[in-house]
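Engineer: need a 3D model of the following:
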Amino acid sequence: MKKILIINGPNLNLLGQREPELYGRETLSDINESLSRLAQKLGLAVDFFQSNGEGELVGAIQRAGAEYDGAILNAAAYTHTSLAIRDAVLAIAKPVVEVHLTNPAGRDGFRAKSFLSGAAVGVVAGFGPRSYALALQWFAWTEPTAVA
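Structural biologist: Numbers count the residues shown, from 1 in each chain. All right, here's what the predicted structure looks like:
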């Protein structure tokens, strides 16, 4: 059974209360519960990690490389600023799918640039919580390999 680590970055712990008109009313806990049910149906095992700290996210990505078959990463604002997170994704020999609840390219100009996209095997954005579900389905449907 494939094991996937779902990693969430800064402020995602505030989902449901932070800008609900943009991010929706579902909490991160709601999303995680839904993904746990989907993973079970897909024959996957999932674990979850959330941190507001860049270094902790780097550690989680490194752990994904050592202990999991891949990761789903919503680095939130660090998507647009963190070379350390990009380098961690490149350093592990496991596939990482970048996800976003909204479509960053359709928002503020500074959000259009992702340091992660070139390091990830793919990007799913703009579908709200379903972005995570689509990424999880990719892991179930493929025998993924990391980006070279």
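
Engineer: residues in contact with Gly53?
Structural biologist: Residues counted as contacts of Gly53 (CB atoms under 8 Å, 6 or more residues apart in numbering) are Pro10. The way it works is simple: take the backbone N, C-alpha and C, and place the C-beta from them, glycine included.

Engineer: give me the three-state assignment for the residue nearest the centre of the chain.
Structural biologist: Central residue of the chain (CA atoms, centre = their mean): Leu73, 2.0 Å from the mean position. Using DSSP: H, G, I helix; E, B strand; the rest coil, the three-state assignment for Leu73 comes out as strand.

Engineer: dump the residue contacts of it.
Structural biologist: When the contact criterion is CB under 8 Å, 6+ apart, the partners of Leu73 are 7, 9, 61, 85, 89, 96-99, 116, 120.

Engineer: out of these, who's nearest Ser131?
Structural biologist: Nearest to Ser131 out of these is Val99 (CB to CB; 4.5 Å).

Engineer: how about the closest one, secondary structure?
Structural biologist: At Val99 the chain is in strand, as set by three-state DSSP.

Engineer: partners of it in the sheet?
Structural biologist: Val124 (DSSP bridges).

Engineer: and the pLDDT for it?
Structural biologist: The pLDDT attached to Val99 in the predicted structure is 97.

Engineer: then Thr102?
Structural biologist: The predicted structure lists Thr102 with a pLDDT of 88.

Engineer: check Asp108 too.
Structural biologist: Asp108 is given a pLDDT of 64.
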